[in-house]
Every structure is written in C-alpha cells, then in structure tokens.
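K.L.:
need a structure here:
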Amino acid sequence: MTTNISYQPTSTSDVDVEAQAVEVAIQVLVPEDTVKEVELAKISPAVGLQEKFHPTSPENAPTVLTFTDLVVSVKKKDKVLIDHVSGSITGGFWAIMGASGSGKTTLLSTLSLRLDTKYMNIEGEFRLNGKQYSRHLLKAMSAYVMQDDVLHAEFTAEETLLYAARLRMPGELTLEDRKQRVVEVMELMGIIHCKDVIIGDTRRKGVSGGERKRVSIAMELLTRPQLLFLDEPTTGLDSSTSLSICRSLKALSDRGECTVVCTIHQLGHWILIHQLLLISFQTQHLT
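P.N.:
Residues are numbered from 1 along each chain as shown. Purely as a prediction, here's the structure:
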C-alpha cells in the first residue's frame with residue numbers, strides 16, 4: 001500500500017531548493033518479508049537521502065513493530081494530529097525526533113496504546129512480530145517511561161526499586177531473586193553508587209536529576225520488557241548525563257534484551273542511535 005506524505009519547506013529560504021525537489025520511495029521491511037512502500041513527495045536532494053532505505057531487523061531483535069495508514073484525530077474537533085503514516089520499527093535503538101507540538105508523544109502513545117479512545121479517533125493497522133496486538137498483550141511485554149518522573153521522595157534509590165520489584169515481578173520469584181534483579185538494573189543504569197541516597201524533592205536534597213531519571217528507567221527494566229518506550233528521556237539533563245543514558249539504552253538494544261523507542265528534541269548523541277524517525281508539522285518521514 002502506498003501512502004502519500006507531503007513535505008513542506010521549513011523556511012522561506014528553502015523555497016528555491018524545494019522547487020528542484022524530487023520524489024523518492026522508501027521501502028519499509030515488515031516481518032512477513034513483504035515490502036510496503038511509503039512514498040515521500042518532494043524530498044529535497046539537498047537532504048542527501050539515499051533513494052532506497054531498508055531498515056533491517058537485527059537477528060537478536062526481540063520485537064518488530066509495524067504500523068500502516070496511521071491516522072490520529074481529536075473527537076468533536078476537526079483536528080488531525082497524525083495523518084496517514086506508515087513505518088516499521090525493526091529492533092534496535094530508535095528515536096523519534098521533532099519540534100515541540102509536532103506529534104512525537106502522540107505517535108509514541110499511539111504505538112503503545114496509551115491514548116484514551118474516548119477522546120481520540122485512531123485508525124490504521126498495528127502489528128507486533130507480524131500479528132495484531134491488544135493493550136493487555138502489549139502491557140505484559142512492554143514498559144513505558146514517562147517524561148515526568150513519579151517517585152516516592154522518602155525512599156532511597158534501592159528501596160524504590162525493591163518496592164517496585166515486589167509489586168511488579170512474577171509472584172513465584174523469591175525475595176533474593178528480586179534483590180538480585182534490583183542490583184542488576186542498578187549496575188546497568190549506573191546508579192549503584194547512589195543506592196542509599198533518598199530520591200528527595202524540592203524540600204529535601206536527594207539524588208540528582210540524571211540519577212532520578214535513571215531510577216525511573218531502572219524501575220521499568222525490572223520485568224525484562226521486550227519493548228521499551230521512553231518519552232523524552234534526555235530532556236532537562238546535561239550532555240554528560242544524556243550520553244550516559246543513551247549508552248545504557250543502546251547497550252540494552254545491542255544485547256537484544258529489548259527494542260528501545262524514545263522521543264527526543266535534538267540529536268546530540270546521534271551516533272548511538274540505530275534508526276531515526278523525523279516528524280514535523282504536516283510531514284512525517286523516515287531517515
């Protein structure tokens with residue numbers, strides 16, 4: 001199925017360049033080994049894109065998520081948030097990048113089935129490893145890290161993770177198993193040094209902002225999700241902390257533990273990203 005996605009110049013200075021634009025076809029590989037084309041109209045040759053793009057699925061990719069003709073609109077309002085977008089997230093470390101208000105979080109929430117259908121209309125087909133999936137199935141095998149961290153200020157980092165482990169991990173596991181997993185995720189996210197420091201709040205000093213974000217990610221990794229969604233995990237963090245978080249997420253995807261999909265504002269550490277989804281007002285395209 002071919003979906004037309006229009007491209008608009010980002011500024012008036014681009015008009016002359018866009019006048020010489022050409023059409024290219026981007027092929028997106030889906031799990032059934034069939035190829036569906038996503039046609040991007042008027043992509044400027046100045047962008048330097050290859051004419052054919054083949055996102056490959058790593059051999060150790062735990063999940064492959066595809067979406068076709070995705071349309072998201074607001075009920076009772078003539079407002080379309082996402083208009084006929086198709087693509088395939090084929091394992092690895094993926095990032096959705098775009099300006100504020102372009103629909104990054106909407107796309108992420110749609111793929112993770114977190115949108116309230118009472119207020120939103122959602123059209124299109126979603127497939128996980130080639131099969132349609134429900135919210136119950138996705139919840140059992142995935143995790144979602146929100147942009148705002150919601151943690152108990154009085155707990156230490158280790159107590160926060162142990163509390164989450166006792167609530168979320170399977171009931172047949174012993175307390176020692178849970179404690180061992182807590183240590184594993186703390187080492188993975190680089191927060192073992194602050195395990196005895198309280199989370200803190202505006203009145204009491206606790207862990208830093210970067211450590212707080214890593215605790216939130218570690219909580220979601222306790223259950224070993226095969227698909228990890230993160231809404232702007234590097235927003236508000238310094239470059240060093242952002243790099244540390246990106247390295248940890250890339251290590252997860254490289255080992256095949258989970259497919260990582262996140263939203264970002266700017267690509268400061270682009271070399272760590274396996275694949276990038278660019279999204280902007282009135283245009284969505286894969287690079």
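K.L.:
give me the number of residues near the residue nearest to H274 when sequence neighbours are not counted?
P.N.:
In this structure, H274 finds its nearest non-sequential neighbour in G92, 3.6 Å apart by Cβ to Cβ, 6 or more residues apart in numbering. No exception for glycine: its C-beta is placed from N, CA and C like everyone else's. A count of neighbours around G92, defined by other Cβ atoms under 10 Å, yields 21.
K.L.:
repeat for the one 10 residues further on
P.N.:
Other residues near S102 number 21, with proximity taken as other Cβ under 10 Å.
K.L.:
for Y119, same thing?
P.N.:
One way to gauge burial is a neighbour count; for Y119, by other Cβ under 10 Å, it gives 10.
K.L.:
same deal with K77?
P.N.:
Neighbour count for K77, taken as other Cβ under 10 Å: 8.
K.L.:
residues contacting K79?
P.N.:
When the contact criterion is Cβ atoms under 8 Å, 6 or more residues apart in numbering, the partners of K79 are S73.
K.L.:
need the pLDDT of it.
P.N.:
Model confidence at K79, expressed as pLDDT, equals 84.
K.L.:
could you measure from it over to I264?
P.N.:
Spatial separation of K79 from I264 under the definition Cβ to Cβ, to the nearest Å is 25 Å.
K.L.:
now do K75
P.N.:
Plainly put, K75 is 29 Å away from I264 if you go by Cβ to Cβ.
K.L.:
who has more neighbours out of these two?
P.N.:
Per other Cβ under 10 Å, whichever of K75 and I264 has more neighbours is I264, with 23 against 11.
K.L.:
residue contacts, the more buried one?
P.N.:
Residues in contact with I264 (Cβ under 8 Å, 6+ apart) are 95-97, 232-235.
K.L.:
neighbour count added to these, as a markdown table?
P.N.:
Putting these into a markdown table (neighbours: other Cβ atoms under 10 Å) gives the following:
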| residue | neighbour count |
| --- | --- |
| A95 | 25 |
| I96 | 24 |
| M97 | 20 |
| E232 | 19 |
| P233 | 25 |
| T234 | 25 |
| T235 | 14 |
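K.L.:
quick one: those as JSON lines, columns for pLDDT, distance to I191 and secondary structure too.
P.N.:
Rendered in JSON lines, the data for the contacts of I264 read as follows (pLDDT from 0 to 100; distance: Cβ to Cβ, whole Å; DSSP: H, G, I helix; E, B strand; the rest coil):
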{"residue": "A95", "pLDDT": "89", "distance to I191": "23", "secondary structure": "strand"}
{"residue": "I96", "pLDDT": "88", "distance to I191": "26", "secondary structure": "strand"}
{"residue": "M97", "pLDDT": "85", "distance to I191": "26", "secondary structure": "strand"}
{"residue": "E232", "pLDDT": "87", "distance to I191": "19", "secondary structure": "coil"}
{"residue": "P233", "pLDDT": "87", "distance to I191": "14", "secondary structure": "coil"}
{"residue": "T234", "pLDDT": "83", "distance to I191": "16", "secondary structure": "coil"}
{"residue": "T235", "pLDDT": "80", "distance to I191": "19", "secondary structure": "coil"}
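K.L.:
show me the shaky parts of the stretch 101-250 of the chain.
P.N.:
Low-confidence segments of the stretch 101-250 of the chain, defined by pLDDT under 70: none present.
K.L.:
quick one, helices of it?
P.N.:
Secondary structure of the stretch 101-250 of the chain (DSSP state H, counting those that start in this stretch): helices located at 104-111, 135-141, 157-168, 175-189, 209-221, 239-254.
K.L.:
can you mark which positions in the shortest one are buried?
P.N.:
Translated: helix 135-141. 138, 141 (16 or more other Cβ atoms under 10 Å).
K.L.:
so what's the gap between that helix and the chain middle?
P.N.:
Between the centre of helix 135-141 and the centre of its host chain there is 16 Å, according to Cα atoms, centre = their mean, to the nearest Å.
K.L.:
give me the contacts around that helix.
P.N.:
With contact meaning Cβ under 8 Å, 6+ apart, helix 135-141 is reached by 63, 112-113, 128, 225-227.
K.L.:
make TSV out of those residues and add neighbour count and distance to R203.
P.N.:
Below are those laid out as TSV (neighbours: other Cβ atoms under 10 Å; distance: Cβ to Cβ, whole Å):
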residue	neighbour count	distance to R203
T63	22	41
S112	19	33
L113	18	37
L128	21	43
P225	23	33
Q226	18	39
L227	22	37
